[in-house]
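Undergrad: what's the 3D shape of this:
(one chain, ligands or ions: 1)
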Amino acid sequence: MYNHTYKELITKLQVSQEDVDFFANMPFARPYIDNTSLYQPVPFVSRHDKGDLSDKFFNKAINSHDTIPRALAFMQRPGSLHSPPTDENGIDLSQGAENPFFITFCQIESGVNGYIDTAHGGVLAALFDETLGLCAESYRVFVSEEGGHLLTASLQVSYRSPVRTPSAVIIKTWMRRKEGRKWFLEAQLLDQDGLLKAEAKSLYIGLKSAL
Ligand SMILES: CCCCCCCCCCCCCC(=O)SCCNC(=O)CCNC(=O)[C@H](O)C(C)(C)COP(=O)(O)OP(=O)(O)OC[C@H]1O[C@@H](n2cnc3c(N)ncnc32)[C@H](O)[C@@H]1OP(=O)(O)O
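TA: Just a heads-up that it's a prediction; the model follows:
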């Protein structure tokens, strides 16, 4: 049982200024750092040690100088787009690769290699799952204001081109649609030059009872 909610964590935890400064030097991250009217940096809550046994994969196993030393998340400010088109469930249909709701920048080092100088596909799948999960959870908490933790029911990844290490990547995620407890999301992972490296589709299901 958790003794905190996602809303409490994302509101109280601090964004690391070192991480902001690190990515601020990279041209592909600058538009999101500069665009304070549309995007705000938010704590990547899974990277924080909450004093319990949650999130150990993200806050310990792959949080080191030779794995993923830096990760920085951004969320679109709720209400930043005036009257976006919505579907019958209120999902913002303007979302997509050009208008992602939740974004993560990651610096990826050789400690997550599979083949030489190449990030392991399983780690990329984990990055997709976590960023998509945070996107869904943020949308649930800040936009649709519904209850119920979300669990990954399915994640489909298409690998388009190897991700070299070391390198920095962006993971863009957005809501596609919602059917009752089922939340469908999509994502892209691109390199610093904007080349598409991998894509993902996921299904999260809202639990009927607390975790
Ligand atoms: C406190 C702070 C925490 C904050 C954390 C924020 C971080 C967030 C980041 C987290 C990121 C990391 C997160 C992680 O790593 S989560 C860890 C990895 N995931 C799991 O362990 C989940 C394991 N699976 C389950 O527990 C259950 O199967 C769930 C809960 C998912 C559904 O069991 P439940 O009994 O509730 O539902 P249901 O079986 O009645 O099905 C309901 C509907 O769903 C449809 N369906 C079901 N499965 C699938 C499927 N595979 N593909 C397609 N469809 C599927 C089904 O047909 C039905 O559709 P319909 O007939 O109604 O149309």
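
Undergrad: remind me, longest strand of this structure?
TA: strand 167-179 (DSSP state E).

Undergrad: give me the residues contacting the helix or strand that that strand is followed by.
TA: Of the helices and strands lying after strand 167-179 in sequence (DSSP states H and E), the nearest is strand 182-191. The contact list for strand 182-191, computed with C-beta atoms under 8 Å, 6 or more residues apart in numbering, reads 28, 96-97, 124, 127-128, 131-132, 135-136, 139-140, 150, 153, 163-164, 167-178, 196-206. Yep, even glycine has a C-beta here, placed from its N, CA and C like the rest.

Undergrad: could you list the low-pLDDT ranges of this protein?
TA: Low-confidence segments of the chain (pLDDT under 70): 1, 81-85, 211.

Undergrad: ChimeraX command for the buried members of the contacts of strand 182-191?
TA: Those of the contacts of strand 182-191 that count as buried under 16 or more other C-beta atoms under 10 Å are selected in ChimeraX with:
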select :28,124,127,128,131,132,135,136,139,140,150,163,164,167,168,169,170,171,172,173,174,175,176,178,197,198,199,200,201,202,203,204,205,206
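
Undergrad: near the ligand, from the contacts of strand 182-191?
TA: Residues shared between the contacts of strand 182-191 and the neighbourhood of the ligand are A153, L203, I205 [C-beta under 6 Å from any ligand atom].

Undergrad: check contacts around the residue most central in space within the chain.
TA: Centre of the chain computed as the mean C-alpha position; nearest residue by C-alpha atoms, centre = their mean is T131, 2.1 Å away. Applying C-beta under 8 Å, 6+ apart, we find T131 in contact with A73, F102, I103, T104, I171, T173, A187.

Undergrad: what do you get for F101?
TA: When contacts are counted by C-beta under 8 Å, 6+ apart, F101 touches M75, Q76, D92, Q95, C135, S138, Y139, T173, W174, M175.

Undergrad: check S110 too.
TA: Taking C-beta under 8 Å, 6+ apart as the contact definition, S110 lies against D66, D117, T165, P166.

Undergrad: out of those, what pair is the most spread apart?
TA: With C-beta to C-beta as the measure, no two of the contacts of S110 lie farther apart than D66 and D117, at 13.2 Å.

Undergrad: thinking again about what came up before, so which strand or helix has the residue nearest to the centre of the chain?
TA: When the helices and strands are read off by DSSP H and E, the one containing T131 is helix 121-139.

Undergrad: give the next helix or strand downstream of that helix.
TA: Using DSSP H and E, the next helix or strand after helix 121-139 towards the C-terminus is strand 150-159.

Undergrad: not counting that next one itself, show me its contacts.
TA: 121, 124-125, 128-129, 132-133, 136-137, 140, 182-183, 197-207.
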